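Chemist: Turn this into a model:
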Amino acid sequence: MKENKFFKFFENIWYHYKYVILIGLAAVIMISVATCQAVSKKTPDVFVYHISTKGLSVAAKEHFIQNVELVAGDYNNDGAVKADFKEDVYIPDQISTVQTGLSATDSFNFELALGDCIIYIMDKNFFESNKEYMADLSEITGVNIDNVVDGKGIKISDLPSYKKLSGLAYFKDEYISIKKKKDGMNEKEYNNHVLFFEALLNYGS
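Modeler: Below you'll find the model as predicted:
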């Protein structure tokens, strides 16, 4: 008799609150999945920013990122090597970025001031106009570097690793630099990007 009352009790609850129960279960499942994804998500070891008149295809971006991850180390010790790539493409006559509609200069300055990217790949126009915001490579790296332009950047095709990393071919006539370290920047994260830059210079040698 008691057993029948027990089942009757839950049957009554289910009859009156089944939708609430189902919504609650769905919410628990969604929260659990989101938590698992957040825990398993890896933080990038290297952040690269690219600004040019020529954008990369999805396949080209993936190819380049694979090359970056091949060179980089697990600098943040999370068990995986991961690179993040951000790109702004602008129209020369309008000088506005395709993605945001902001002027290319504004988009660049926004990334420079607030963005996570420390490695910069720029076309000649942006490199020449913004060298002052880039670090002196001879001061921050422990590598003897040839073909440095004004101490601030290297033409991609002049990199020693250019012929060894096919993903660099997308940026053949562009320049790679490291932005200057600013107050408030994470020192370890910045130094990790310097380590990546040195590894890129030494890759395959």
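Chemist: quick one, strands of this protein?
Modeler: Counting by DSSP state E, the chain has strands at residues 46-52, 83-91, 96-97, 119-122, 148-149, 153-155, 175-178.
Chemist: So which elements touch the first one?
Modeler: The contact analysis (3 or more C-beta pairs under 8 Å, 6 or more residues apart in numbering; DSSP states H and E) places strand 46-52 against helix 58-71, strand 83-91, helix 104-114, strand 119-122, helix 187-202. In this view, the C-beta of every residue, glycine as well, is placed from N, C-alpha and C.
Chemist: mean confidence score for the fourth one?
Modeler: The average pLDDT within strand 119-122 is 96.
Chemist: Lowest mean pLDDT among the helices and strands, pick that one out for the chain.
Modeler: Ranked by mean pLDDT, DSSP states H and E, the weakest helix or strand in the chain is strand 96-97, scoring a mean of 52.
Chemist: For residue 70, grab the count of nearby residues.
Modeler: Neighbour count for residue 70, taken as other C-beta atoms under 10 Å: 14.
Chemist: try the one 3 residues further on
Modeler: Under the neighbour criterion other C-beta under 10 Å, residue 73 is assigned a count of 14.
Chemist: With residue 127 instead?
Modeler: Residue 127 is flanked by 22 other residues according to other C-beta under 10 Å.
Chemist: Might one say that it is in contact with residue 153?
Modeler: Yes - with contact defined as C-beta atoms under 8 Å, residue 127 reaches residue 153; the gap is 5.6 Å.
Chemist: so what's the residue nearest to the spatial centre of the chain closest to, chain neighbours aside?
Modeler: Nearest residue to the geometric centre of the chain (C-alpha atoms, centre = their mean): residue 84, 1.9 Å. Take residue 84 and drop its neighbours on the chain: the residue closest to it by C-beta to C-beta, 6 or more residues apart in numbering is residue 44, 3.8 Å away.
Chemist: got a list of what the one you found touches?
Modeler: Shown in contact with residue 44 (C-beta atoms under 8 Å, 6 or more residues apart in numbering): 82, 83, 84, 116.
Chemist: Which single one of those residues is nearest to residue 162?
Modeler: Here the nearest of those to residue 162, counting by C-beta to C-beta, is residue 83; it sits at 18.0 Å.
Chemist: which residues does the closest one bridge with?
Modeler: Beta bridges link residue 83 to residue 46, judged by DSSP bridges.
Chemist: count of residues packed around it?
Modeler: Neighbouring residues of residue 83 were enumerated by other C-beta under 10 Å; the total is 20.
Chemist: how far away is it from residue 72?
Modeler: Separation of residue 83 from residue 72 (C-beta to C-beta, to the nearest Å): 6 Å.
Chemist: okay, and the common contacts of these two?
Modeler: The contact sets of residue 83 and residue 72 overlap at 45, 46 (C-beta under 8 Å, 6+ apart).
Chemist: I am finished for the moment; much appreciated.
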